[in-house]
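Enquirer: sequence isn't available, so here's the structure alone:
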């Protein structure tokens, strides 16, 4: 063998050895990182916690939160998909898929983090320095790296997220405020006007012109500022969904079961049912109402179910791959749930119990919860109030259908389908006197809420709004039904991106159309 041939063979052998060493190191790194993620939180959960922290600091309402979480996790998913052998991104399909040699955990992690960061700053600009910059520093990344070179992890993450953001900036939510004269983010641009004049709490029945329709309320918030409600998310029936064929896909189904109209037996019966619930509230039921209320400065209902998804991640020892897919499906289901629920709220513009009950029972002596520390008392129906904090007595949008019920059942459906089991096994315990509404008084003894299944948790979330005097029965039950339909469709749509080549039997559901 001549010297030139020998040199070429040595070079070839050397190249093979280098490649074997590289791939072995990459595999070792990947497996090591996955094991490390199993023992603590995955990168996806770390960013989800950052998004939830931003939600708590912001003033976004539930539909805006659902959309923001879906966008953030879609940005992360699209960055991740570029490094996966089968997955397609939502904006670029498989065109961003990189060379196999770059499919390392390190590159995937970096790309996903830049995508998450760009999404977080865009959706929660006020939390850039307090929430998102610190996470990037903690992870060891330069947040000022604005590269658009898709051959680098940072550039790919930036480009993947920018495409999602560009699409969603024009989805009808009015995130940028460019659809409305005020220029305010998420302002209504569809010219909604309430039929009824606003009223203080308890409401003044004399101000009500249509007892079937929503009435804005006035109250003092936690800062002592007088708040006059406006329909939060009035434009949401015009937002582009993820998996739904249209925002009003289930409107005919929802219409078939409600809302009850003033003058009907059903209208009075639903009000009487809530009065009876209020009169007989146990400490357990009060804490159920408080635990699930998810009002201002909380994660809101969509974020609450992200916390349950984190529980699944820890319990089932998820890798980063598991979590990026699960949160992608979950948050987009929550997003579509917001659209379906708010489409109904806009279409039916239905009255809240806080208005309907005083209107119906003014001058009538009723037995009901009398206020913090008062227990059940006899009072004039005009003075009825829901079991809620006086600083946020009822949400600023119409009643039918329940957002809590729709969000919760959509999320429970996705988590059940993802895990292949309805099993949840979680609980929370409240110490005596820990009530926010009746501090020092409720509960008398420790109260533990337990959820064996995701479905049970979702049903309790819906029922909590009836205990709290926020929703009537129909809004809860139909919200749950719509949530299930939304969850199945979002899960199927997510799977079509995660593994487009897989052959799947359609999930069997009761179609509302």
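Expert: Okay, I see it. What you see is a predicted model; the values in this text were computed from it and never measured.
Enquirer: got the buried residues for stretch 74-89?
Expert: By 16 or more other C-beta atoms under 10 Å, the buried positions in stretch 74-89 come out as 74-84, 87-89. Quick note: C-beta positions are derived from backbone N, CA and C, even for glycine.
Enquirer: just stretch 307-317 next, same as before
Expert: 308-310, 312-313.
Enquirer: check those residues and tell me the two furthest apart.
Expert: Pairwise distances across the buried residues of stretch 307-317 (C-beta to C-beta) peak at 9.9 Å, for the pair 308 and 313.
Enquirer: list the contacts for residue 136?
Expert: 113, 117, 142-143 (C-beta atoms under 8 Å, 6 or more residues apart in numbering).
Enquirer: okay, now residue 279: neighbour count?
Expert: Using other C-beta atoms under 10 Å, residue 279 has 16 neighbouring residues.
Enquirer: leaving out sequence neighbours, find the closest residue to it.
Expert: The shortest distance from residue 279 to any residue other than its chain neighbours is 4.4 Å, reached at residue 367 (C-beta to C-beta, 6 or more residues apart in numbering).
Enquirer: also residue 430?
Expert: residue 447 (4.7 Å).
Enquirer: also residue 109?
Expert: Nearest one to residue 109, counting by C-beta to C-beta, 6+ apart, is residue 43 at 5.6 Å.
Enquirer: re the thing from before, of the buried residues of stretch 74-89, which is the nearest to residue 403?
Expert: Looking across these and measuring by C-beta to C-beta, the closest to residue 403 is residue 74, at 21.1 Å.
Enquirer: buried sites along stretch 104-117?
Expert: 104-105, 107-117.
Enquirer: distance from that stretch to the middle of the chain?
Expert: 23 Å (C-alpha atoms, centre = their mean, to the nearest Å).
Enquirer: ok, and what's touching that stretch?
Expert: So stretch 104-117 is contacted by 26, 29-30, 33-34, 43-44, 47, 50, 72, 75-76, 78-80, 82-83, 98, 132, 135-136, 139, 141, 143, 145, 153-154, 156-158, 160-161, 320, 324 (C-beta under 8 Å, 6+ apart).
Enquirer: again, only this time at 6 Å
Expert: 26, 29-30, 33, 43, 47, 75-76, 79-80, 83, 132, 136, 139, 141, 143, 153-154, 156-158, 160-161 (C-beta atoms under 6 Å, 6 or more residues apart in numbering).
Enquirer: now, of those, which are buried?
Expert: For those, buried by 16+ other C-beta under 10 Å: 26, 30, 33, 43, 47, 75-76, 79-80, 83, 132, 136, 139, 141, 143, 153-154, 156-158, 160-161.
Enquirer: immediately after the helix or strand hosting residue 404, which helix or strand?
Expert: Counting by DSSP states H and E, the element that carries residue 404 is helix 403-419. Sequence order places strand 423-430 as the next helix or strand after helix 403-419, per DSSP H and E.
Enquirer: now do the helices in the stretch 351-500 of the chain.
Expert: In the stretch 351-500 of the chain, the helices defined using DSSP state H, counting those that start in this stretch lie at 353-361, 403-419, 454-467, 473-498.
Enquirer: so which elements touch the shortest one?
Expert: Spelled out, that is helix 353-361. Using 3 or more C-beta pairs under 6 Å, 6 or more residues apart in numbering; DSSP states H and E, the elements in contact with helix 353-361 are helix 265-279.
Enquirer: show me what the helix or strand just after the helix it packs on packs onto, helices and strands only.
Expert: Where DSSP H and E defines the elements, the next helix or strand beyond helix 265-279 is helix 283-292. Applying 3+ C-beta pairs under 6 Å, 6+ apart, we find helix 283-292 packed against strand 447-453, helix 454-467.
Enquirer: could you find the closest non-adjacent residue to residue 493?
Expert: Residue 493's closest residue in space is residue 243 (C-beta to C-beta, 6+ apart), at 3.6 Å.
Enquirer: quick revisit: list just the nearest of the buried residues of stretch 104-117 to residue 168.
Expert: residue 115 (13.4 Å).
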